[in-house]
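1. sequence plus the predicted model coming up.
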4 protein chains.
Amino acid sequence: MTTAPLRKDAARNWERIVAVARALLDEGVPLQLNDVARRADVGVGTVYRHFPTPEALRETVATPALERLTAHGEEAPADDDPWRALTGFLTRTIEAQVADPSLTAVMAVTADALPRTTELKRTLSAVGGRLLDRARDAGAVRPDLTSADLVPLLCGVAYAATVHSAPDARVGTAHRYLAALLAGVHAHPGDHSASSR
Amino acid sequence: MTTAPLRKDAARNWERIVAVARALLDEGVPLQLNDVARRADVGVGTVYRHFPTPEALRETVATPALERLTAHGEEAPADDDPWRALTGFLTRTIEAQVADPSLTAVMAVTADALPRTTELKRTLSAVGGRLLDRARDAGAVRPDLTSADLVPLLCGVAYAATVHSAPDARVGTAHRYLAALLAGVHAHPGDHSASSR
Amino acid sequence: MTTAPLRKDAARNWERIVAVARALLDEGVPLQLNDVARRADVGVGTVYRHFPTPEALRETVATPALERLTAHGEEAPADDDPWRALTGFLTRTIEAQVADPSLTAVMAVTADALPRTTELKRTLSAVGGRLLDRARDAGAVRPDLTSADLVPLLCGVAYAATVHSAPDARVGTAHRYLAALLAGVHAHPGDHSASSR
Amino acid sequence: MTTAPLRKDAARNWERIVAVARALLDEGVPLQLNDVARRADVGVGTVYRHFPTPEALRETVATPALERLTAHGEEAPADDDPWRALTGFLTRTIEAQVADPSLTAVMAVTADALPRTTELKRTLSAVGGRLLDRARDAGAVRPDLTSADLVPLLCGVAYAATVHSAPDARVGTAHRYLAALLAGVHAHPGDHSASSR
DNA sequence: CATGAATGAGCCTTCATTCAT
DNA sequence: AATGAATGAAGGCTCATTCAT
């Protein structure tokens, strides 16, 4: 009952619109509702009925990926190694974020258009936070990073991998950048981070 | 003598336009040449005469900051400690980038509007590259990072510090993120970065 | 079915726009889409929706006249006298061209905006070409003129009749000029055209 | 004393401006006074001082050609053959008009910017008129053409030769069209121009 | 529910002309 | 005389959103 049960034709239109939007976002084309309507072979009004704003549509496109991330995230604590659990989670997340432009945008924004998005993002954050806290408690993470830093850092890595980088090199680049960051995030007992000796 | 010496009245307008643009950028308002003209109390044509595109104007606004960074960067090698020289340089750069929105944009883009911008960015990159290489040669930096990663990483840190962060917390946040990243960039002989033990 | 069947209100706007455009062209006012919109009491966007460029609008205005010419042209071969058939066709065409400024422009240009225009012009040319060829075969036309000369010559006559001539004298003038030209085009066995004897 | 004696530097600028304008017109570039100024390496104000309007400049460019035509035209009556004198004059004129874009425009317009232009055009018309009248009196020209038709017809031929014709084919085309026209203009005692019999 | 025509604010850009220097 | 910066009206076009059908 979260989603109203759509009539069959309405559902078909909904699907087409989302599919078109996904394709456009993947190609890097900015979401214009008129444009989406034309390509989905649907009236503009129909698009507006289903998705009052471009953001609502974008978030709808991002939702499945967000759900997958959350689902995986909820299984992460099963790993006994707190650090490995955290890095696994972050790796998976950054991969998704770099590969899926709809996610990139949705993660970077604070004001969501759909409640569902807020909910998923909140869950994802909570999961990440728990993994981070556990790792910090285990002494595996530098103490000055809080769960509130997780999303910004991931967005930053994703952004860094996007700037000046060819599309198909991005995932690889993101891995390298995440690795460097994680090495820094990893606590090194006895290390004095900003000096050379 | 790089820039043709302007007549006094022309110079006044130039200043006003640049000042207005700086203010707008600082407020996060997108640069629109008509808008700039109105606020600078100058004809549109005048703005177009001085700055054929918004990018040219933005880069002009960014230039002084870019020059300061370059100047400082060229003094950085004076520091005998390769790691300290590098981190000092990066710290200064990220501070500037986070504090000055015009810089953020100019650094992230590859196609420059002004030759001067290209020149400055090239110099800055070269300086950074030399500092990185020296630090790597000294065994102070993980080997998988090249000088081509410097700018993207800085942009990523700047971006991360901007996302979800209140304007006046940004510099602080950027420092923390840079610190974490630098800790990771710093080579730790005998460290096995992705495992917890 | 060539043109998609328009909704009633859309059709009304379409008519108004074309009517306004026709009036403007007849008055010799250059076609400006914003101007047309204002006078048709319609949003600019509406004009752009129907006619992406001024040329498309101009050609739409010219189309009916072009269709009439073509229709008549296709009946011209019915006249047994090749020379009379040709002159009749040309007379009719020049009359239309001089009387209708939209036609003048459309005929003079090579790049058409609408496929329909291209089609009509091609047909008209073909018809003219056949009439000319038949007349030449009958020995009624000087041999150095080809069907490719027909349109330029007509445009030239129309232009000559327009230059330095008051609007309401134009048709008469055009007749005289066409008559002179036709007299020259007409083959005169035994005549030595460029000498006085 | 028609032209004020210019200071040497002023004269130099005048020359440069006219030279640039001639070049632009020959290339088919529309005359823009700012543009001319830039290319002539002269201030806009200077161009405006010498030539208050684009037309004044264009006419200045056309003047020498106009003077040459007039000069030749005044010698034309020397030819004893009235028809040959007329055709020679017209041929020369059409050649100039097709080859020199500045002339094309100046001839087609009724309102002149410079008195000198009006004077020259008047003289040219008068000369042409006399040649035509003499030829008509000699029975060599159809009676329905008056001297007022000469310029329009020439403009028409020039225009016809320009429409749909590659630049370097124009003079040749113009010759053919003029020949056809002249054949028609030529009186043919006993000819009934619009019937085939 | 769906449609898609209509709207018009808003942005961009050019260019003829003026006028202070 | 010469300069060229400044002006701003004018025109072009797009696109998010509404609403009659």
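-> Received the coordinates, thanks. Numbering: from 1, shown residues only, chains lettered A, B, ... in the order given.

2. need the residues that contact stretch A:123-143.
-> Residues outside stretch A:123-143 that contact it (CB atoms under 8 Å, 6 or more residues apart in numbering or on different chains) are A:66, A:69-70, A:73-74, A:76-77, A:82-83, A:85-86, A:89-90, A:93, A:145-147, A:150-151, A:184-187, A:189, B:180, B:183, B:196. From N, CA and C alone the C-beta is placed, and that goes for glycine too.

3. among the residues you listed, which are in strands?
-> For these, not one is inside strands, with DSSP state E as the criterion.

4. following the helix or strand where residue A:15 lies, which helix or strand shows up next?
-> Assigned by DSSP states H and E, residue A:15 falls within helix A:8-26. Later in the chain than helix A:8-26, the nearest helix or strand by DSSP H and E is helix A:33-40.

5. may I have the helix holding residue A:15 as PDB, with CA atoms only?
-> Output of helix A:8-26 as PDB, limited to C-alpha atoms (Å, rounded to 0.1, in the frame of the first residue of the first chain):
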ATOM      1  CA  LYS A   8      -2.300  -1.900 -16.100                       C
ATOM      2  CA  ASP A   9      -1.800   0.900 -18.700                       C
ATOM      3  CA  ALA A  10      -0.700   3.300 -16.100                       C
ATOM      4  CA  ALA A  11       1.900   0.800 -14.900                       C
ATOM      5  CA  ARG A  12       3.100   0.300 -18.500                       C
ATOM      6  CA  ASN A  13       3.600   4.000 -18.900                       C
ATOM      7  CA  TRP A  14       5.400   4.200 -15.500                       C
ATOM      8  CA  GLU A  15       7.800   1.500 -16.600                       C
ATOM      9  CA  ARG A  16       8.500   3.100 -19.900                       C
ATOM     10  CA  ILE A  17       9.200   6.500 -18.300                       C
ATOM     11  CA  VAL A  18      11.600   5.100 -15.800                       C
ATOM     12  CA  ALA A  19      13.300   3.000 -18.500                       C
ATOM     13  CA  VAL A  20      13.800   6.100 -20.700                       C
ATOM     14  CA  ALA A  21      15.000   8.100 -17.700                       C
ATOM     15  CA  ARG A  22      17.500   5.500 -16.800                       C
ATOM     16  CA  ALA A  23      18.800   5.400 -20.300                       C
ATOM     17  CA  LEU A  24      19.200   9.100 -20.400                       C
ATOM     18  CA  LEU A  25      20.900   9.300 -17.100                       C
ATOM     19  CA  ASP A  26      23.300   6.600 -18.100                       C
END
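
6. give me the distance from it to the chain's centre.
-> Here helix A:8-26 shows a centroid-to-chain-centroid distance of 20 Å under the convention CA atoms, centre = their mean, to the nearest Å.

7. can that helix be said to contact DNA strand E?
-> Yes - counting by CB under 7 Å from any atom of the strand, contacts between helix A:8-26 and DNA strand E involve A:9-10, A:13.

8. which residues are contacting that helix?
-> Taking CB under 8 Å, 6+ apart as the rule, helix A:8-26 contacts A:6, A:30-31, A:35-37, A:39-42, A:46-47, A:50-51, A:57-58, A:60-61, A:100-102.

9. what is the neighbour count of residue A:21?
-> Neighbourhood size, residue A:21 [other CB atoms under 10 Å in any protein chain shown]: 25.

10. got it, and residue A:110?
-> When neighbours are counted by other CB under 10 Å, residue A:110 registers 9.

11. could you do residue A:8 as well?
-> When neighbours are counted by other CB under 10 Å, residue A:8 registers 7.

12. any idea how far stretch A:84-94 is from the chain center?
-> Per CA atoms, centre = their mean, the centroid offset for stretch A:84-94 relative to its chain is 12 Å.

13. show me what counts as buried in it.
-> When burial is assessed from 16 or more other CB atoms under 10 Å in any protein chain shown, stretch A:84-94 yields the following buried residues: A:84-91, A:93-94.

14. any idea how far the spatially closest residue to residue A:95 that is not a sequence neighbour is from chain B?
-> Among residues not flanking residue A:95 along the chain, residue A:171 sits closest, at 6.2 Å (CB to CB, 6 or more residues apart in numbering or on different chains). In this view, residue A:171 and chain B are 14 Å apart by CB to the nearest CB, to the nearest Å.

15. show me what contacts residue A:109?
-> By CB under 8 Å, 6+ apart, the residues touching residue A:109 are residue A:55.

16. skipping its backbone neighbours, what lies nearest residue A:55 in space?
-> If the residues on either side of it in the chain are set aside, residue A:55 comes closest to residue A:113, at 3.9 Å by CB to CB, 6+ apart.

17. for the one you found, helix, strand, or coil?
-> Three-state call for residue A:113 (DSSP: H, G, I helix; E, B strand; the rest coil): coil.

18. I figured it hits residue A:62, correct?
-> No - under the criterion of CB atoms under 8 Å, residue A:113 makes no contact with residue A:62, lying 10.7 Å away.

19. residue A:52 belongs to a strand?
-> No - Residue A:52: not assigned to a strand; according to three-state DSSP it is coil.

20. so how far is residue A:17 from the spatially closest residue to it that is not a sequence neighbour?
-> Nearest non-adjacent residue to residue A:52, counting by CB to CB, 6+ apart: residue A:113, 7.8 Å away. Residue A:113 sits 15 Å away from residue A:17 when distances are taken as CB to CB, to the nearest Å.

21. and residue A:42, what are its phi and psi?
-> The phi/psi pair for residue A:42 (degrees, to the nearest 10) reads phi -140, psi 150.

22. the closest residue to it other than its chain neighbours: neighbour count?
-> Spatial nearest neighbour of residue A:42, chain neighbours left out: residue A:13 (5.4 Å); criterion: CB to CB, 6+ apart. Residue A:13 sits with 21 neighbouring residues when counted by other CB under 10 Å.

23. ditto for residue A:168
-> Close neighbours of residue A:168, defined as other CB under 10 Å, add up to 7.

24. local confidence estimate at it?
-> Note on residue A:168: pLDDT of 91.

25. go on, residue A:196?
-> Turning to residue A:196, the model gives it a pLDDT of 39.

26. which elements pack onto the helix or strand hosting residue A:60?
-> In this assignment (DSSP H and E), residue A:60 forms part of helix A:54-75. Here helix A:54-75 is seen to pack against helix A:8-26, helix A:33-40, helix A:82-99, helix A:101-108, helix A:115-137 when contacts are counted using 3 or more CB pairs under 8 Å, 6 or more residues apart in numbering or on different chains; DSSP states H and E.

27. in that helix, which residues are buried?
-> Buried residues in helix A:54-75 (16+ other CB under 10 Å): A:54-63, A:65-66, A:69-70, A:72-73.

28. okay, it in CSV with CA atoms only?
-> Written as CSV, here are the backbone C-alpha positions of helix A:54-75 (Å, rounded to 0.1, in the frame of the first residue of the first chain):
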residue,chain,number,x,y,z
PRO,A,54,12.9,15.6,-12.3
GLU,A,55,14.2,14.7,-8.9
ALA,A,56,11.4,12.4,-8.2
LEU,A,57,12.1,10.6,-11.4
ARG,A,58,15.8,10.5,-10.8
GLU,A,59,15.2,9.0,-7.4
THR,A,60,12.9,6.5,-8.7
VAL,A,61,15.6,5.4,-11.2
ALA,A,62,18.1,5.2,-8.3
THR,A,63,15.8,3.3,-6.0
PRO,A,64,16.6,-0.3,-7.1
ALA,A,65,20.3,0.3,-6.8
LEU,A,66,19.8,1.9,-3.4
GLU,A,67,17.8,-1.1,-2.3
ARG,A,68,20.5,-3.5,-3.4
LEU,A,69,23.1,-1.5,-1.5
THR,A,70,21.0,-1.5,1.6
ALA,A,71,20.3,-5.1,1.4
HIS,A,72,24.0,-6.0,1.0
GLY,A,73,24.8,-3.5,3.8
GLU,A,74,22.5,-5.3,6.1
GLU,A,75,24.4,-8.5,5.5
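
29. many thanks, I have nothing further to ask.
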